[in-house]
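Colleague: Generate a structure from the sequence data that follows.
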Amino acid sequence: MPKRPKQSSDHVHKHNTPTIDNQAISQQLEALLTPAIFAQQSLSERFLVFPNELFERVFKDLLPKLQFNWQQRLRRPLPDSVKFALRNFEQIWIADGSTLEALFRKLKSLEDLKIGHLAGKICTVIDLVTRLPVEVWFHTNPAASDTNFEAALLNLLPPKTLILLDRGFYHFHFLQQIINQEVHFITRLKVKASIKYLKIFSYDHSVKDRLIQLGTVRRGAPVLTLRLIEIKVGKTSYSYVTSVLDPQILPPYVVADLYRRRWRVEEAFYTVKRLLGLSYLWTGSINGVKLQVWATWLFYAVLVDLGDAVADELSLPFDRISLEMIFRGLYHFSVANEKGSADDPIQYFAAKQNQDLGVVKAIRKPVSKLDLSPFPAPS
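Modeller: Down below sits the predicted model:
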């Protein structure tokens, strides 16, 4: 191994790296960190007393304005399944629950809590058409079942609504009450369900659409008359049940595509938790948790409105817009605004020279045309 050539000490620059033991550095760090420590304590104390109802009121007062904004935008196209369903339904909503993460035990007031102490559970209703939140409920018990929100959901649902539900709401009494309110639903079929087949609408290798009776009379549960739609994609079969009994109102492939879009509520939960910080709950008080819940959903609604405005400006579907990159791009917009080169965030994100921000998602694969036939031809 060759030896390194000797260096003349006259040509060597000495590097004096200050450490935390350096008195000047230590004093500077103390001056910087002390306000932050007191700011955290002050924040925790304010969370205990600041009324969360104020944020809730602002959130709910703002939603009608954002819904009005959505109605004024006409250049952004809607998915075919959504347009088809809106012929017979006034709104298409998604309801789902999500457990809040463990409290962030960095504040003194939370040090005595057990590690992994969860903050509660939220149930959210999202409008599939506008992507805006419709309602948010909070439950103090993180292990609460989705059925705890059934009464509130029934009170919220107006007639001529189509609601997309996951299997957490698979409860026959609840589903019958939905039908009684002139509301319709789509959900997934549970394994080992008791089924009686009544009529066949379509039946081939790729799609099966049948009228069924679901359930038994045991324990007083109602027997529901529903449609069972089974779609095979590759080697995987997907089963859906809906209270819409006429395939001409909701064709089988429209049912499947709409339920696939139920995932939008999961994307909303991901955004508010991971991107907007609802995973980091800074106080153990119920009031403080609710403050963060309302404030975060308020910001989410504004972010959705901005994303929809950008989609309309570009005449693109909302699905092509990345809310995450819009959120991260707000920093770049603020810098441009300070320099006087940008004053409208919609125009800024839609500008061709700013597409490197990644606001518009790339198309990964061609989108196939949706079959809107009530009775699809055999494949």
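
Colleague: so K290 makes contact with P51?
Modeller: No. At 9.4 Å, K290 does not count as touching P51 under the criterion of C-beta atoms under 8 Å. Every residue, glycine included, has its C-beta placed from N, CA and C.

Colleague: From the neighbour counts alone, determine which of the two ranks first.
Modeller: Legend: neighbour count by other C-beta atoms under 10 Å for K290 and P51, higher for K290 (21 against 11).

Colleague: Quick check: the gap between that one and S237.
Modeller: 42 Å (C-beta to C-beta, to the nearest Å).

Colleague: What of M325?
Modeller: 35 Å.

Colleague: More neighbours: those two, which one.
Modeller: When M325 and S237 are compared for neighbours, M325 comes out ahead with 16 against 11, by other C-beta under 10 Å.

Colleague: residues touching the more buried one, list them.
Modeller: Applying C-beta atoms under 8 Å, 6 or more residues apart in numbering to M325 gives the contacts 357-359.

Colleague: before we move on, what SS does it have?
Modeller: helix (DSSP: H, G, I helix; E, B strand; the rest coil).

Colleague: out of everything not next to it in sequence, what's closest to it?
Modeller: G358 (4.3 Å; C-beta to C-beta, 6 or more residues apart in numbering).

Colleague: would you list every one of the strands in the stretch 101-250 of the chain?
Modeller: 121-127, 133-139, 161-165, 184-188, 195-203, 207-214, 224-233, 236-242 (DSSP state E, counting those that start in this stretch).

Colleague: And the helix ranked longest in the chain, what's buried?
Modeller: Longest among the helix segments of the chain by residue count, using DSSP state H, is helix 286-314. By neighbour count on 16 or more other C-beta atoms under 10 Å, the buried set for helix 286-314 is 288-301, 303-314.

Colleague: Give the other helices and strands that it contacts.
Modeller: helix 23-49, helix 52-72, strand 133-139, helix 323-338, helix 345-350 (3 or more C-beta pairs under 8 Å, 6 or more residues apart in numbering; DSSP states H and E).

Colleague: F68 - how many residues pack around it?
Modeller: For F68, the count of nearby residues is 9 (other C-beta under 10 Å).

Colleague: Distance of it relative to L132?
Modeller: From F68 over to L132 (counting by C-beta to C-beta), the distance is 11 Å.

Colleague: For the spatially most central residue of the chain, pull up the helix or strand it's in.
Modeller: Centroid-nearest residue in the chain: A268, 1.2 Å away (criterion: C-alpha atoms, centre = their mean). Element membership for A268 (DSSP states H and E) is helix 263-270.

Colleague: Buried residues, that helix. List them.
Modeller: In helix 263-270, counting by 16+ other C-beta under 10 Å, buried: 264-265, 268-269.

Colleague: which one of the residues you listed is nearest S368?
Modeller: R264 (19.7 Å; C-beta to C-beta).

Colleague: residues in contact with the closest one?
Modeller: With C-beta under 8 Å, 6+ apart, R264 has these contacts: 94, 126, 128, 131.

Colleague: for N337, same thing?
Modeller: Per C-beta under 8 Å, 6+ apart, neighbours of N337: D343.

Colleague: same thing with P142?
Modeller: Here P142 is in contact with 99-100, 118-121 (criterion: C-beta under 8 Å, 6+ apart).

Colleague: In ChimeraX, how would I pick out whichever of these are buried, leaving the exposed ones unselected?
Modeller: What follows is the ChimeraX syntax for the buried subset of the contacts of P142, where burial is set by 16+ other C-beta under 10 Å:
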select :99,100,119,120,121
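
Colleague: And the contacts of P142, which is closest to L370?
Modeller: T99 (33.9 Å).

Colleague: ok, that closest one - contacts?
Modeller: 118, 120-121, 142-143.

Colleague: hang on, isn't L306 packed against I346?
Modeller: Yes. Contact criterion C-beta under 8 Å: L306 and I346 qualify, at 7.1 Å.

Colleague: and the gap between T140 and D319?
Modeller: T140 is 35 Å from D319, by C-beta to C-beta.

Colleague: Could you do R261 as well?
Modeller: 9 Å.

Colleague: got it, and L372?
Modeller: 19 Å.

Colleague: D146 now?
Modeller: Distance from D146 to D319, by C-beta to C-beta: 26 Å.

Colleague: And for A301?
Modeller: In terms of C-beta to C-beta, A301 sits 18 Å off from D319.

Colleague: Same question for R210.
Modeller: Distance from R210 to D319, by C-beta to C-beta: 31 Å.

Colleague: now E230
Modeller: 26 Å.

Colleague: what comes up buried for stretch 195-215?
Modeller: Those would be 201-202, 206-212, 214-215, for stretch 195-215 by 16+ other C-beta under 10 Å.

Colleague: how about the CA coordinates for it, as PDB?
Modeller: Extracted in PDB, the C-alpha atoms of stretch 195-215 (Å, rounded to 0.1, in the frame of the first residue of the first chain):
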ATOM      1  CA  ILE A 195     -77.400 -15.800   0.400                       C
ATOM      2  CA  LYS A 196     -80.500 -16.800  -1.400                       C
ATOM      3  CA  TYR A 197     -80.400 -16.100  -5.200                       C
ATOM      4  CA  LEU A 198     -83.600 -14.600  -6.600                       C
ATOM      5  CA  LYS A 199     -82.800 -13.400 -10.100                       C
ATOM      6  CA  ILE A 200     -79.900 -13.200 -12.600                       C
ATOM      7  CA  PHE A 201     -79.200  -9.900 -14.500                       C
ATOM      8  CA  SER A 202     -75.800 -10.900 -15.900                       C
ATOM      9  CA  TYR A 203     -73.800 -14.100 -15.600                       C
ATOM     10  CA  ASP A 204     -70.500 -14.900 -17.300                       C
ATOM     11  CA  HIS A 205     -66.800 -15.500 -16.600                       C
ATOM     12  CA  SER A 206     -66.000 -11.800 -15.900                       C
ATOM     13  CA  VAL A 207     -69.200 -10.400 -14.300                       C
ATOM     14  CA  LYS A 208     -72.000 -11.800 -12.300                       C
ATOM     15  CA  ASP A 209     -74.900  -9.500 -11.400                       C
ATOM     16  CA  ARG A 210     -77.700 -11.100  -9.300                       C
ATOM     17  CA  LEU A 211     -80.700 -10.200  -7.100                       C
ATOM     18  CA  ILE A 212     -80.300 -11.800  -3.700                       C
ATOM     19  CA  GLN A 213     -81.700 -12.100  -0.200                       C
ATOM     20  CA  LEU A 214     -79.000 -11.600   2.400                       C
ATOM     21  CA  GLY A 215     -79.200 -12.800   6.000                       C
END
